[in-house]
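[1] Everything below, folded, please.
(chains A and B)
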There are 2 protein chains.
Amino acid sequence: MHTQETTPAHGAAHPLEPTDGPLTAEELQLAFRNRGMPLEAMRYDLTTTGLHYLVVHWDIPHIDPTTWQLAVGGHVRRPLRLTLDEIRARPPTTIPVTLECAGNGLGRLSPRPVSLPWLGEAIGTAEWTGTSLRALLNEAGLLPEAVEVVARGADRGLQGGQDQTYARSLTVAEATRTEVLLAYQVNGQPLPPQHGFPLRLVVPGWYGMASVKWLTSIEVTDQPFDGFQQAVGYRYQQHSDDPGQPVQRIRVRALMIPPGVPDFFTRRRYVDAGHVRLTGLAWSGHGSVKRVEVAVDANWADAALRRPIGAFAWCQWTFDWEARPGEHELRCRATDSTGAIQPLAAPWNYQGMGNNTAQRVTVTVK
Amino acid sequence: MHTQETTPAHGAAHPLEPTDGPLTAEELQLAFRNRGMPLEAMRYDLTTTGLHYLVVHWDIPHIDPTTWQLAVGGHVRRPLRLTLDEIRARPPTTIPVTLECAGNGLGRLSPRPVSLPWLGEAIGTAEWTGTSLRALLNEAGLLPEAVEVVARGADRGLQGGQDQTYARSLTVAEATRTEVLLAYQVNGQPLPPQHGFPLRLVVPGWYGMASVKWLTSIEVTDQPFDGFQQAVGYRYQQHSDDPGQPVQRIRVRALMIPPGVPDFFTRRRYVDAGHVRLTGLAWSGHGSVKRVEVAVDANWADAALRRPIGAFAWCQWTFDWEARPGEHELRCRATDSTGAIQPLAAPWNYQGMGNNTAQRVTVTVK
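    Residues are numbered from 1 along each chain as shown, chains lettered A, B, ... in the order given. Next up, the predicted model:
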C-alpha cells in the first residue's frame, strides 16, 4: 500500500450523514484520542502544553530527528533540504498564538455531523518558537508562477476512502505573512511528539487545520492545491454536493470558566450565593476582540476586557455577578473589530465547521 | 455551601444503572475532559507528560505554591506542617511508575456502567520524583492506635449527591511501603497543574485512584476511612446494594500498538502484507509480567518479553507476524508472577472496575 495522489472526486469529509441519533462508538473513540482543554485551564494565559487541545487525524508518527530533513521545493529557484539544526540556526521568533479546531462545537449541532464531536473545549494558547516561513521561501526564491504553498506532514492514514498524508495549502500571500512560523518549540521546550515533533507550521489567526504538524515538505505550486484536507475536508457546505467555501480564520468566540464546583457526572455547576467574579477568555482570527458581554438569565451586560497577550492570542475578561439562590443560565459572547458577533443559535453547516455559538452554563446557586 | 463529612449510606458511585443504551452527552463530556494515552505512544517507555492518561474528578484546582502547606496530623506524636521547599529539601527518590485508571475498559462492558467510558487508553508511565511518605510518617511518629493514612486533595465537587474533597486511604502497611512517594516532579519537571501541582501521592502498583493529586493533608486515623471514594466508589460490586470488595492493585494487562495505518473515523487498521513486528507493553500491579501471548485469528503464541524499566513499570514485548492478505483479528494477553492471566471475556462488575479483558485489534491486510 502506498500513499496515493488525492482525488477530491472520491470520498466525503465525513463518513455518515448528519444525524440526531445517538453518539456512536467511533465518535467516543475519537473523543478519547483527541483531547480538549478543560475550561478551568482558562485561568492561565498560556496553556500548559499537556492541556492544550490536540487533534491527531491518524496516528502520531515517530520521527528520528537525526535523519529528518525538511524539503523545500516545487516552483522555486533553489530547492532546499534543511536539517533540524539548520532550521534552529535561523533567526528565531517566539509568539503566543491561540489555536482552535475548526470543528470546535461540532458535537452541539443538530443534526450533528458524524465526526470528532467537540463540545467547545478544542482550544489552547501556547508560545511557539520557530523561524519565519517567509524568510525560507525568500531564500528558496519563488518563481513567478507560484500561487500556493503546500505543507505536508508525516502523518498518514485513510479518510474518505483515500490513503493520504496530511497536507494543507496557503496562498503565497498568506504563507508569506511575517507571523507564519516553522515552529520547533512550544512554551520554551522542544515540541512533544503529539504537537508535531520535530517541526510544525503555525499559522496565527487560522483554525488549527492550517498548522500542519510533523512537517516533511514545503512545496510551492502553480495551481491551487486540491488535496483531500483542502478540497473535501474543512469546508463550509450546506449539503454533501455543495463545493462550499474553505474554512480559514478563527471566528470570534468568548468562553467563561464555569463558576463554582461541578457534579462529577453531569458537570452541573453549584455556586455559593453572593458575589461571584466570572472570568474567561475571548479571541478572533479576524481582528481584535472589542467587546465581551455576559448574560445572566438573558439580561446582557458588558464584561471588562484586558489587553490580549499578543496580536494572535486571546484576552481575559471579567464580569461581577451577584448570585441569588435559584437556577440560572449564564452566557457570554464576543464581538471583534470587524463587527462580527457570536450567534446565539448555532450556525449549522454540513461539516459542522466554525460553530461559535455563545456558550451556555447552567448553575444552581445555594 | 461547605465540604460535608462523607456518609457512605448516601449516594451511589454512578448516577444511573448500567445500560446497553446509547452513549449519553455526559459520558462524551467526560471523555473530552479526561484524556487517554493514544496507543501508538506505547513506543515510548516513558510517556510524554502531555500524553499520560488523566482523570480529574471535578475541576483542576488552582494552588498558590507560596502559601500552600501539607498538613500531617491525626494519630501522630508530632503533627507537621510542611512548605513545598521543606518537602523538596527532603531526600528525593525517582522511580518509573505505570499508572492505570481502575475504570479502564469500562466503556466496553455490557451492560455499561454509566460513568467515564474508557475504552482501554487510561494508561501511562512516568518517572515520578518525590520524597518518601514512610519517612515523613516516621518523623511525625505513628501512635499505636494508627490503622490508616488518609490522603486528601484540594479538588472539590459533588458525587453521589455529596459535596466532598477527594480523599483516599491506605492501611499503615501500604502507606509505609518504601516506594510510596509524595511527588513534586514528573519526568524531571515540576508537576503541571493537571497532574497534581504542587504535590501528589504516587502509590506504585495500585490503580490511579490511590495516587491522590493536589495534596493538602495526610491524616492518620484509628478507624478505617469511610469516605465516598473509599466506601462507595472504586469497589468490585455485583449490584448496587453489594458492599463489594475494594479496588486496589492493577490487574495484569498487555496492550499492543495497533499496526499499520488507521482510517480517520473508524480507526480500522490497514496493514501491508508481509513481515510485521507487533510491539506493545505489559504490566501488573501484583507482580512481574511472566508471559505475553499474541493470537492471530485465535492461534495463540508467545511474544518475546524485555525487562521492565522498573519494578513498578511496564515491559516491552514484540511478536513477529507474517501478515497475509485478508481480514484478521489480533489479540494479546499477559500472565503475571502470581499466575493471573487476562480473561478473553470481560469480567463484569457493577462499577466497571478492573476490566482487563484481552485487547482485540481487527486489521485489513492488503
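[2] contacts and neighbour counts: CA atoms only from here.
    Fine.
[3] Please list the residues of the stretch 51-200 of chain A that sit near chain B.
    Contact residues (C-alpha under 8 Å from any C-alpha of the partner chain) of the stretch 51-200 of chain A with chain B: A:51, A:57-60, A:115, A:118-119, A:121, A:156-159, A:192-194.
[4] List just the nearest of these to chain B.
    The closest of these to chain B turns out to be residue A:158 (C-alpha to the nearest C-alpha; 4.3 Å).
[5] Could I get the pLDDT score of the closest one?
    We note a pLDDT of 97 for residue A:158 in this prediction.
[6] How far does the helix or strand hosting residue A:157 sit from its chain's centre?
    In this assignment (DSSP states H and E), residue A:157 forms part of strand A:148-159. Relative to the centre of its chain, strand A:148-159 is centred 16 Å away, using C-alpha atoms, centre = their mean, to the nearest Å.
[7] C-terminal to it, what's the next element?
    On the C-terminal side of strand A:148-159, the closest following helix or strand by DSSP H and E is strand A:162-171.
[8] phi, psi of residue A:178?
    phi -60, psi -30 (degrees, to the nearest 10).
[9] so it touches residue A:134, yeah?
    Yes: using C-alpha atoms under 8 Å, residue A:178 is in contact with residue A:134, at 6.4 Å.
[10] Going by proximity to chain B, name the top residue of the stretch 251-366 of chain A.
    residue A:263 (4.3 Å).
[11] For stretch A:201-211, which outside residues touch it?
    Contacting residues not belonging to stretch A:201-211 are listed as A:97-102, A:128, A:151, A:168-170, A:179-183, A:200, A:212-213, A:215, A:234, A:247-250, A:284-286, A:312 [C-alpha atoms under 8 Å, 6 or more residues apart in numbering or on different chains].
[12] In strands only, show me those residues.
    Judged by DSSP state E, the contacts of stretch A:201-211 include A:97-100, A:128, A:151, A:168-170, A:181-183, A:200, A:215 as members of strands.
[13] okay if I get those residues as CSV plus neighbour count and pLDDT?
    Listed next are the ones in strands among the contacts of stretch A:201-211 as CSV, based on neighbours: other C-alpha atoms under 10 Å in any protein chain shown; pLDDT from 0 to 100:
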residue, neighbour count, pLDDT
A:97, 24, 98
A:98, 32, 98
A:99, 29, 98
A:100, 27, 98
A:128, 25, 98
A:151, 25, 98
A:168, 21, 98
A:169, 26, 98
A:170, 20, 98
A:181, 28, 98
A:182, 27, 98
A:183, 30, 98
A:200, 25, 98
A:215, 26, 98
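[14] Looking at these, which one is closest to chain B?
    Distance to chain B across the ones in strands among the contacts of stretch A:201-211 (C-alpha to the nearest C-alpha) is lowest for residue A:100, with 14.8 Å.
[15] Once you drop chain neighbours, what's closest to that closest one?
    Once flanking residues are discounted, residue A:100 sits nearest to residue A:123: 4.4 Å by C-alpha to C-alpha, 6 or more residues apart in numbering or on different chains.
[16] got the contact list for that neighbour?
    Here residue A:123 is in contact with A:36, A:37, A:52, A:53, A:98, A:99, A:100, A:101, A:104 (C-alpha under 8 Å, 6+ apart).
[17] Next: residue A:59.
    Residue A:59 neighbours (C-alpha under 8 Å, 6+ apart): A:155, A:156, A:157, B:38, B:40, B:261, B:262.
[18] Please identify the helix or strand for it.
    Applying DSSP H and E as the criterion places residue A:59 outside every helix and strand.
[19] was I right about residue A:37 contacting residue A:49?
    No: look at residue A:37 against residue A:49 with C-alpha under 8 Å: they stay out of range, at 10.1 Å.
[20] What distance do you get for the nearest residue to residue A:233 once chain neighbours are set aside to residue B:174?
    Distances taken as C-alpha to C-alpha, 6+ apart put residue A:13 closest to residue A:233, at 4.7 Å, once the chain neighbours are dropped. Distance of residue A:13 to residue B:174, given as C-alpha to C-alpha, to the nearest Å: 53 Å.
[21] With neighbour numbers in mind, choose between these two.
    More neighbours surround residue A:13 than the other of residue A:13 and residue B:174, with 23 against 15 (other C-alpha atoms under 10 Å in any protein chain shown).
[22] Walking through the stretch 1-150 of chain A, point out its strands one by one.
    Ranges of strands in the stretch 1-150 of chain A, per DSSP state E, counting those that start in this stretch, are A:70-74, A:80-82, A:92-100, A:123-132, A:148-159.
[23] Which among those strands is found nearest to residue B:68?
    Closest approach to residue B:68 among these is made by strand A:123-132 (26.7 Å; C-alpha to C-alpha).
[24] Now do that closest one and strand A:92-100, the angle between them.
    150 degrees (axes from the mean of the first three to the mean of the last three C-alpha atoms, to 10 degrees).
[25] Which strands border strand A:123-132, and is each parallel or antiparallel?
    Paired strands of strand A:123-132, with direction, are strand A:92-100 (antiparallel), strand A:181-186 (antiparallel) (DSSP bridges).
[26] right, and the helix or strand after the last one?
    Where DSSP H and E defines the elements, the next helix or strand beyond strand A:181-186 is strand A:189-190.
[27] Name every sheet partner of that next one and say whether each one runs parallel or antiparallel.
    Here, using DSSP bridges, strand A:189-190 pairs with strand A:181-186 (antiparallel).
[28] Was I right to think residue A:70 contacts residue A:216?
    Yes: here residue A:70 lies in contact with residue A:216, judged by C-alpha under 8 Å, at a distance of 5.1 Å.
[29] Quick check on these two: which one has the bigger neighbour count.
    Using other C-alpha under 10 Å, the more surrounded residue of residue A:70 and residue A:216 is residue A:216, with 22 against 19.
[30] quick one: that one and residue A:157, what's the gap?
    Residue A:216 sits at a distance of 16 Å from residue A:157 (criterion: C-alpha to C-alpha).
[31] Same check on residue A:278?
    Residue A:278 sits 43 Å away from residue A:157, going by C-alpha to C-alpha.
[32] Next: residue A:42.
    33 Å.
[33] Phi and psi next, for the closest residue to residue A:55 other than its chain neighbours.
    Excluding the flanking residues, the one nearest residue A:55 by C-alpha to C-alpha, 6+ apart is residue A:34, at 5.0 Å. Residue A:34 adopts backbone torsions of phi -110, psi 100, taken as degrees, to the nearest 10.
[34] what do you get for residue A:210?
    Main-chain dihedrals, residue A:210, degrees, to the nearest 10: phi -80, psi -20.
[35] What count of nearby residues applies to it?
    For residue A:210, the neighbour count with other C-alpha under 10 Å is 25.
[36] Against residue A:151, how distant is it?
    Distance, residue A:210 to residue A:151, using C-alpha to C-alpha: 9 Å.
[37] Overlap of the contact sets of these two?
    Here residue A:210 and residue A:151 have A:168, A:169, A:201 as joint contacts, going by C-alpha under 8 Å, 6+ apart.
[38] any chance of those residues in CSV, plus distance to residue B:75?
    Compiled in CSV, the shared contacts of residue A:210 and residue A:151 are given as follows (distance: C-alpha to C-alpha, whole Å):
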residue, distance to residue B:75
A:168, 63
A:169, 66
A:201, 57
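[39] Cool, thanks, signing off.
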